[in-house]
Each structure stands twice: as C-alpha cells, then as structure tokens.
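J.: What follows is a predicted structure for the sequence shown.
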Amino acid sequence: MTASVSEPMEPRREGPVRVLLADDDVLVRTGIAGILSTAPGIEVTAEAADGLEALDLIRRHLLDVVLLDIQMPGLDGIGTLERLRRDRVGTPVAMLTTFSDETYLAEAFRLEALGFFLKSDDPHHLIAGVRALAAGGAAFSPRVGRWLVRRQARQPLDRLTRAQAIVRDLTPRQRELLAAVGKGLSNVQIAASLHLSEGTVKQYLSALFARIGTENRVQAALIAFEAGLDAEE
C-alpha cells in the first residue's frame, strides 16, 4: 500500500538514482547502503549520521531521493524534513523507522513525507520504493500503509462521509486516477495502467486535484484512503 505527493514533478535527469542516506546507527546505515548499492541504477551518493550533516550534504550534492532516519541525535529526521520544507527543497524525502513511535509517523505525514520504510523491510521493498520516489511516485512499507488505514478509520465520521461524498461525485476515470494516487503510482505507472500518455495523466491529475480541493498527492491519497479507493482493484 502506498501514497504519493507533489504534483507535478519535473522530469528526472538521466543517470543513476542518486540517494542520500541519513542514520546515526552505522551498522544500519551500512546495511541499507549495501542493499541499495546492489540494485542496478541506484547509487548511494552520500551518507550522514545526523540531520545537520544531511542538510549540508543535500546542499552540496545533486540528489534524487533522501532517506532520513526518523529518530537521530541532535537534529532528527522530522526536524530535517521540516527545514527542507521551509527551504522549499524539492528532492523527494522518505523516512526510515522501526515503527516504535506512531507520533513521529503522524508528524512526518503532516510534513508530507513521500514515503516510509521500516528498517526491517524486505530489501526488494526498499529498492522498489526508492525507484518509485525517483520516478515521481511514493512508497510506504505495507505495515505503514495498514497503520495509515487504521489511523484514518479513527478520524471523525464527518471526514469519512466527506471523502465518500467527494468520490461519489467523480467520473469513473477520476475515480481510477484517485485510486492510483492512493496506491502510490507515479505518473508513468498510471499512464501505462490506463493506456494514456504521461502528459495526459498530468493534465487529468491537475484537474482532479482542483475538483476535490487538494493541493498535492498526499492530500489526494488521504481522501482515497478514507474513501477506501486504495483497496480497490
């Protein structure tokens, strides 16, 4: 289960997906870097032990994806993401977590992180997620996705009713698009699944976001979650 953010996204430059990895645990960092380095087309360009070092490296390198440990000494992943949002840094950011504190996840959602990975995830999930982020989509660990559904289910009934009403007023094509956003598909993946051009998908999504009153893919994905569209086939 996945979700997405930031529409539209500029086309990525050619070459390998360049990743910055920030984690204060050197063993964890080395392990994740090793996993990513085994994947064709992914390059761990820089590593950081805390948020301040990560911010410095983000300014110095041309990156496609930033992976931040949620809990780090000094400046943690949440604080780092908050500064990146404040500085309008457009590089896709995902959080690394052990899922020990849901409060951190909720705050990262508020700051519109593009993805969440558990450090215990299957390596294939991590590799696929990094590629999805670089392609303009987003990726959540399946467990994080289930947590999001439970969290949204606890929201006041009027929010759920509102989401369902929004979806009822959409055309079948718009429902398909919103469901795809809720599943974290990138524009390229949506275009392939619906047999459309990528340019057409971008136009349709812009119109969809205006129709449902959202500014980005995270907000749209939350409506999809609340209405249950993300679970539809």
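T.: Okay, I see it.

J.: residues of the lengthiest helix in the chain that come out buried?
T.: Assignment by DSSP state H gives helix 198-212 as the longest helix of the chain. For helix 198-212, burial by neighbour count (16 or more other CB atoms under 10 Å) applies to E198, V201, K202, Y204, L205, L208, F209, I212. No exception for glycine: its C-beta is placed from N, CA and C like everyone else's.

J.: Tell me how far E215 lies from L52.
T.: According to CB to CB, to the nearest Å, E215 stands 30 Å off from L52.

J.: So for the two, which sits in the more crowded spot?
T.: Taking other CB atoms under 10 Å, E215 and L52 do not tie; L52 has more neighbours (16 against 12).

J.: just checking, the more buried one touches D76?
T.: No: if you go by CB atoms under 8 Å, L52 and D76 don't touch, sitting 10.5 Å apart.

J.: where's L178 relative to G77, distance?
T.: Taking CB to CB, one finds L178 at 29 Å from G77.

J.: My error: substitute V28 in the last question.
T.: From V28 across to G77, the span is 13 Å (CB to CB).

J.: Between the two, tell me which one has more neighbours.
T.: It is G77, of V28 and G77, that has more neighbours when counted by other CB under 10 Å, with 29 against 15.

J.: Next up, the contacts around that one.
T.: Each residue near G77 by CB atoms under 8 Å, 6 or more residues apart in numbering is listed here: A22, G51, L68, D69, I70, Q71, M95, L96, Y104, A108.

J.: Among the residues you listed, which are located in helices?
T.: Filtering the contacts of G77 for helices - DSSP H - leaves G51, Y104, A108.

J.: can you list those in a markdown table and add distance to R60 and pLDDT?
T.: A markdown table is the format used below for the ones in helices among the contacts of G77 (distance: CB to CB, whole Å; pLDDT from 0 to 100):
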| residue | distance to R60 | pLDDT |
| --- | --- | --- |
| G51 | 15 | 95 |
| Y104 | 27 | 79 |
| A108 | 24 | 83 |
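
J.: Chain neighbours aside, what residue packs nearest to the residue most central in space within the chain?
T.: The residue lying closest to the centre of the chain (CA atoms, centre = their mean) is L114, at 2.0 Å. Distances taken as CB to CB, 6 or more residues apart in numbering put A138 closest to L114, at 4.2 Å, once the chain neighbours are dropped.
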